[in-house]
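Chemist: next one to model:
(2 chains)
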2 protein chains.
Amino acid sequence: MNYMETLGEKAKIASRAAAAAGSEKKNEALKAISDALLANIDRIMDANSKDMEAAQANGMSAAMQDRLRLDEKRITAIAAAVLKVVALPDPIGEETGGWLRPNGLRIRQVRVPMGVIGIIFESRPNVTVDAAVLCLKAGNAVILRGGKEAIHSNTCLVQVMQEALASVDLPRELVQLVEKTDRETAADMMKLNGYLDVLIPRGGAGLIQAVVKQATVPVIETGAGNCHVYVDASAKLDMAVAIADNAKTQRPSVCNAIETLLVHKDIAEQFIPAVKAAFDTHNVLIHGDETVQKILGECVVPVTEDDYYKEYGDYEIAMHVVDSTEEAVSHILKYSTHHSECIVTESMENAAYFQNTVDSAAVYVNASTRFTDGEEFGFGAEIGISTQKLHARGPMGLLALTTTQYRITGTGQTR
Amino acid sequence: MNYMETLGEKAKIASRAAAAAGSEKKNEALKAISDALLANIDRIMDANSKDMEAAQANGMSAAMQDRLRLDEKRITAIAAAVLKVVALPDPIGEETGGWLRPNGLRIRQVRVPMGVIGIIFESRPNVTVDAAVLCLKAGNAVILRGGKEAIHSNTCLVQVMQEALASVDLPRELVQLVEKTDRETAADMMKLNGYLDVLIPRGGAGLIQAVVKQATVPVIETGAGNCHVYVDASAKLDMAVAIADNAKTQRPSVCNAIETLLVHKDIAEQFIPAVKAAFDTHNVLIHGDETVQKILGECVVPVTEDDYYKEYGDYEIAMHVVDSTEEAVSHILKYSTHHSECIVTESMENAAYFQNTVDSAAVYVNASTRFTDGEEFGFGAEIGISTQKLHARGPMGLLALTTTQYRITGTGQTR
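Modeler: Residues are numbered from 1 along each chain as shown, chains lettered A, B, ... in the order given. Here you go, the predicted model:
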């Protein structure tokens, strides 16, 4: 058994205790974790300061250092977020279907825990606790693999969670950290068939693609967001400007922000200068096609086909004028990563056509794409946003961390 | 673009027509396929005879040749099976959830087609039609990759289906065959990210493991079945014998047949000789532990730990006496492939414990494991039996070939 298999075996055995624990027991564990985080703020900050020192020595960017930093306020916020998960309904045990067969067999489909969940993520140490408690709430064991740069913080956070689990007589191994942060161990984790029921990568496109390419265990692909707003000819001008501006500039680094704005030719002359005025307060750089260039003049950078594929993640946008809703949909089908798209329109017909033909996880009529989020959808928490079609699609809450089982009761039936 | 990417691109474009087609149009296509199969029996048999000649020349086993053979009766049966799929309800368009957010956003979760489905399978040419029509009914395009030994049959069957699609003005490329049956092309298919939304292998353990290990597209693992019956102390003797005998001998080659029989020590003296008498009519070879050997004598082969991992697929069984339901469950958790398990018991408590702790796709009380099947579950058809936990678990009907999409309607909401 290699190192990862040892963790996998321990997690598998521990997972049975989580599956057998009722809602009360699981909530008791989560409350103990929240309390333990608050009781160990100094210890967590000490561990974090080691990571921060190394980060400074290695010349990590200020933005990245900010994501890595844990202070009293942030640890308190993490502990409070755990209590929000306590308040969520327990998904386990729900009967998702049930019927009687003509031969008298009673078939019930019951929601059960997934088993052992792997999470691979990058530097933010709050993910360590967020992901662990969601997995626990759904009755699973979790194996966490964070970044090398957060190893002291993560080790401490996992120890604190393990102590809390032990304090309520649950196995410590329900939450385990991969302490070896080398690439070989990560590769072993991706091939941990027989132990990991699912592996969820959380982070940048590079990490996600590495997992998709290397993993032999089932993976839920998350994240990439090349999102679009299409402003139809019939759109209300003010609403279209507000939605496009919000979707681009409210938080441009996140996956549900838009990267391309499509505009119907009949509204282009009014809409494009209006949205430009809104964008200007954030100095948004516009990559425009010929029509956009004609309307806005020299401030526009000519758009290239590469731009249409790009996730800028910044105050930068591609803008393209189309002849019809059909052309807008074709553009989206070609360039989108199938995350979130929006049509702004007053036409019932165009709204229906757009929602029926755009093949993305979330398709909006007259609302910002920024709502694609577990909290905004009302799930209370989020483990990520799936951009693939298997198992879970769109924002993933607790249900995505469960599976179902058929339980069949007979009176001696044979075939 | 390599060969597989070309097929993938064509499938992706064609899939939009399938997604846009209503139930009537899809059923019209399926009826046209059924009619075309019947109208082309001679042509299909001619193509099949080429495969049969090659099979004979290559010394294929009689059993394998039987699976490969298509005659008038079999083609008629395939055509009739297509009409059964016509009669199934269309899963597409169902609203699987819907709610109103406090900010006025109306969120609906709607069942939509998966997109493009890949199926890799072995020699039986009936799978070519069965799988294609299920994918079509659920609004998908399908790319089929059958075995080299069935290439003439499959090419002809796919041509007949394509002609039927064209006759109802749907794109031929909704059903495509991978005509290059070399390993490199299969490997390309397993890495067809961006085109294949899911790949489903159907066949032996070797094929399935090759796909699980090599694929970078999402895979649904199917098939392997190391299933168990546990006879509890409180079991009714006749019922226990009937279930164990049925689960082992009614069709030992299939995945829902059992491989190990677990027996509580308190019923062993009565049950084991009784089940042996039933097994004897099929000459079942028993691999037994020491207690079983003591009870049955020299006809028993001593069981090894390897036996507990084995899927015999034949008139052969491992038999092990346990002290308790807990021990039976531990044995199953260790050795099972998590397909189907059964407890025969009159104890409410043991039945509940067994169903709550055994981590398999289907867990039976007092009924044969042979019922784990799409038809027997009432799904009307089956694309395979998932033994993993993501997306679909247990027998997969049309729903497993769909995904969901969030459709959100607002009145200008922004964050």
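Chemist: every contact and neighbour count from this point should use C-alpha atoms.
Modeler: OK.
Chemist: and the closest residue to chain B within the stretch 251-400 of chain A, how far from A:Thr372?
Modeler: Relative to chain B, the nearest point of the stretch 251-400 of chain A is A:His391 (3.5 Å; CA to the nearest CA). Between A:His391 and A:Thr372 the distance is 18 Å, computed by CA to CA, to the nearest Å.
Chemist: flag every residue of the stretch 51-200 of chain A that's near chain B.
Modeler: Contacts of the stretch 51-200 of chain A with chain B, taken as CA under 8 Å from any CA of the partner chain, map to A:101, A:105, A:107, A:114, A:197-198.
Chemist: who are the contact partners of A:Val322?
Modeler: A:262-265, A:328 (CA atoms under 8 Å, 6 or more residues apart in numbering or on different chains).
Chemist: hmm, 10 Å instead?
Modeler: If a contact means CA atoms under 10 Å, 6 or more residues apart in numbering or on different chains, then A:Val322 has A:230-232, A:262-266, A:268, A:291, A:328-329, A:331 as its contacts.
Chemist: now it: closest residue in space, sequence neighbours ignored.
Modeler: In this structure, A:Val322 finds its nearest non-sequential neighbour in A:His264, 5.1 Å apart by CA to CA, 6 or more residues apart in numbering or on different chains.
Chemist: cool, and A:Val110?
Modeler: A:Glu95 is the one closest to A:Val110 (CA to CA, 6+ apart), at 4.5 Å.
Chemist: how about the backbone phi and psi for the one you found?
Modeler: phi -90, psi 110 (degrees, to the nearest 10).
Chemist: show me chain A divided up by domain.
Modeler: For chain A, automatic domain parsing gives the domain ranges A:3-221+A:391-409, A:227-375.
Chemist: just the endpoints, please. Distance across the longest one?
Modeler: Spelled out, that is domain A:3-221+A:391-409. 41 Å.
Chemist: the stretch 201-350 of chain A: strands as residue ranges?
Modeler: A:227-231, A:258-264, A:285-288, A:301-302, A:316-322, A:340-344 (DSSP state E, counting those that start in this stretch).
Chemist: neighbouring strands - and their directions - for the third one?
Modeler: Next to strand A:285-288 in the sheet, as set by DSSP bridges, lie strand A:301-302 (parallel), strand A:316-322 (parallel).
Chemist: check what pLDDT the residue lying closest to A:Asn246 once chain neighbours are set aside gets.
Modeler: Leaving out its chain neighbours, the residue that sits closest to A:Asn246 by CA to CA, 6+ apart is B:Thr414, at 6.1 Å. B:Thr414 is assigned a predicted lDDT (pLDDT) of 98.
Chemist: re earlier: make JSON lines out of the domains of chain A and add mean pLDDT and distance to B:Lys73.
Modeler: As requested, the domains of chain A are exported to JSON lines (pLDDT from 0 to 100; distance: least, CA to CA, whole Å):
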{"stretch": "domain A:3-221+A:391-409", "mean pLDDT": "96", "distance to B:Lys73": "29"}
{"stretch": "domain A:227-375", "mean pLDDT": "97", "distance to B:Lys73": "41"}
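Chemist: buried among the residues of the stretch 51-200 of chain A next to chain B? Make that a ChimeraX selection.
Modeler: Of these, the buried ones go into a single ChimeraX selection, burial set by 16 or more other CA atoms under 10 Å in any protein chain shown:
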select /A:105,107,114,197,198
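Chemist: all set now, cheers.
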